[in-house]
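Asks: Make a model of this:
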Amino acid sequence: MPNFPSSPPARPALFWLAALVLLVTAAVLLRDVLLPFVAGLALAYLLDPLVNQLERLGIYRGAATLLILVAFFAGAILLLLLALPVITAEITILIEKLPGYVKGLQALAVDPSHPSISKAIGVGIEEAERSSGELASLGAGWLSEFLRTLWSDGRMLLSIFSLLVVTPIITAYLVYDWNRIIATLDRLIPTAHADTVRALVREIDSTVAGFLRGQATICLILGIFYALALRALGLNHGLLIGAFSGLLGFVPYFGSLTGLLLSLGVAIAQFGLSWTPILLVLGIFLVGQSLSDYVLAPYFVGNKVHLNPVWLMFALFSFGYLFGFVGLLIAVPLAASIGVLVRFALRQQPASAVDCEVEETLEAGVDLGKTLGERPAPRRPRTSAT
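Replies: The predicted structure is shown next:
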């Protein structure tokens, strides 16, 4: 009785495909309540290495988890309390100086020495004057509508409550059981593919951790540099623009470009069409971006993090549009995971094609001698007749 090769069962592939479809469907349906869980998962991923370090020093994991969480949330609250007065003061100064900015732009709009700039600014001034009368009523209406929605819509109150109260609890549970969760997921991996899956997960973890750690450090350094440089230049709201540029610097080039445009607008409104502050602003952001590209990024991020800025911006905008703030939290891990899987598939494709061709040739029992054609028999040398 001939032995036919048994085909591998399709149940694991169908199971994982169905699980993926159910997971995506649940994420879409429950996206309004996922924020505290995703935020807790992100914090647990970031804080688990610190807890592991304390556990290696002999501290019980529960005590280490409590210590790290208390230190983290106390630092976050302290930072918020220190930054909130500065931000409030900058916004107050902006509101106070806004009429002066408008008058300066009006002066540029009627300046005959710059006709093209005057025409462009004149259109903006007309729109500003047309809407200035409606600004106060619009702001009051928006505030009343926001308060009414906040009071009547229970989902918003639930989201705020869950973000402030439920997220620390979820983070604590996840950090405490993180190693146990990882071990359980590792046991679910099929034995035949365990080495490949573990290698891919390690590469994804290295990419995400390296990018988050390195880019966060770069954002902090650039934010401090831009804030101090713009403040030293004497630019109004330099601290606010610098901090905002550093925060948006999480996406490469996006923060510097946004800060440059804001700084140029404030410089023109503050100093007029004077080339010295405009060139100084350009120089500050050119130096900052060059410092990021040629000094900070090679040192803090390195060449092991393969996250293209265009792909990262597409992921942030796409997942942010689909899932809101939750999408922004999961954009970087998903972008890194998709990138690692695509590179793995591209590396495996040539080898898989060759292996399949050789396997089909061997299974068909093709004779290479017949395939290549029979070689002609060697000619015997002629012997001369005696």
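
Asks: Which helix or which strand is home to Thr258?
Replies: Using DSSP states H and E, Thr258 maps to helix 254-271.

Asks: what about that helix, average pLDDT?
Replies: If you average the pLDDT over helix 254-271, you get 86.

Asks: again, but for stretch 208-216
Replies: Mean pLDDT, computed over stretch 208-216, is 82.

Asks: quick one: buried residues of it?
Replies: Val208, Gly210, Phe211, Leu212, Gly214, Gln215 (16 or more other C-beta atoms under 10 Å). To be clear about C-beta, it is placed using only N, CA and C from the backbone, and glycine gets the same treatment.

Asks: Switch those residues over to TSV; also include secondary structure and distance to Ala74.
Replies: Shown next, in TSV, are the buried residues of stretch 208-216 (DSSP: H, G, I helix; E, B strand; the rest coil; distance: C-beta to C-beta, whole Å):
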residue	secondary structure	distance to Ala74
Val208	helix	26
Gly210	helix	27
Phe211	helix	27
Leu212	helix	22
Gly214	helix	25
Gln215	helix	25
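
Asks: Tell me how many other residues crowd Asp293.
Replies: A count of neighbours around Asp293, defined by other C-beta atoms under 10 Å, yields 14.

Asks: Same question for Leu188.
Replies: Number of residues near Leu188 (other C-beta under 10 Å) recorded here: 7.

Asks: can you start the count at 231 instead of 1 from here on
Replies: I'll keep to 231 as the first residue from here, and by that count the last item is Leu418.

Asks: Torsion angles phi and psi at it?
Replies: Backbone geometry at Leu418, expressed as degrees, to the nearest 10, gives phi -80, psi -10.

Asks: Same check on the one 5 residues further on?
Replies: As for His423, its main-chain torsions (degrees, to the nearest 10) stand at phi -110, psi 10.

Asks: neighbours of it, just the number please.
Replies: Using other C-beta under 10 Å: His423 sits among 11 other residues.

Asks: export stretch 266-276 as CSV, just CAs?
Replies: The C-alpha atoms that make up stretch 266-276 are tabulated as CSV, following Å, rounded to 0.1, in the frame of the first residue of the first chain:
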residue,chain,number,x,y,z
PRO,A,266,-7.1,53.0,29.9
PHE,A,267,-6.2,49.4,28.9
VAL,A,268,-3.9,50.5,26.1
ALA,A,269,-2.3,53.2,28.2
GLY,A,270,-1.8,50.7,31.0
LEU,A,271,-0.2,48.2,28.6
ALA,A,272,2.1,50.9,27.2
LEU,A,273,3.2,52.0,30.7
ALA,A,274,3.7,48.4,31.8
TYR,A,275,5.9,47.7,28.8
LEU,A,276,8.0,50.8,29.6
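
Asks: What mean pLDDT does that stretch get?
Replies: Average pLDDT, stretch 266-276: 87.

Asks: just stretch 406-417 next, same as before
Replies: Across stretch 406-417, the per-residue pLDDT values average to 90.

Asks: Buried ones in the helix holding Thr488, by neighbour count?
Replies: 484-486, 488-490, 492-493, 496-501.

Asks: next structured bit after it?
Replies: Where DSSP H and E defines the elements, the next helix or strand beyond helix 484-501 is helix 505-521.

Asks: who's in contact with the next helix or strand after that next one?
Replies: Counting by DSSP H and E, the next helix or strand C-terminal to helix 505-521 is helix 539-553. Contacts with helix 539-553, where a contact means C-beta atoms under 8 Å, 6 or more residues apart in numbering, come from 257-258, 261, 264, 481-484, 557-558, 560-562, 564-565, 569.

Asks: one step back: redo the buried residues of helix 484-501 as a markdown table? Include distance to Leu309.
Replies: Below are the buried residues of helix 484-501 laid out as a markdown table (distance: C-beta to C-beta, whole Å):
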| residue | distance to Leu309 |
| --- | --- |
| Phe484 | 23 |
| Gly485 | 19 |
| Ser486 | 23 |
| Thr488 | 22 |
| Gly489 | 21 |
| Leu490 | 26 |
| Leu492 | 23 |
| Ser493 | 24 |
| Val496 | 25 |
| Ala497 | 29 |
| Ile498 | 33 |
| Ala499 | 30 |
| Gln500 | 29 |
| Phe501 | 33 |
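
Asks: which among these gets closest to Leu277?
Replies: Comparing those against Leu277 with C-beta to C-beta places Gly485 closest, at 25.3 Å.

Asks: shouldn't that closest one be in contact with Leu452?
Replies: Yes - with contact defined as C-beta atoms under 8 Å, Gly485 reaches Leu452; the gap is 7.0 Å.
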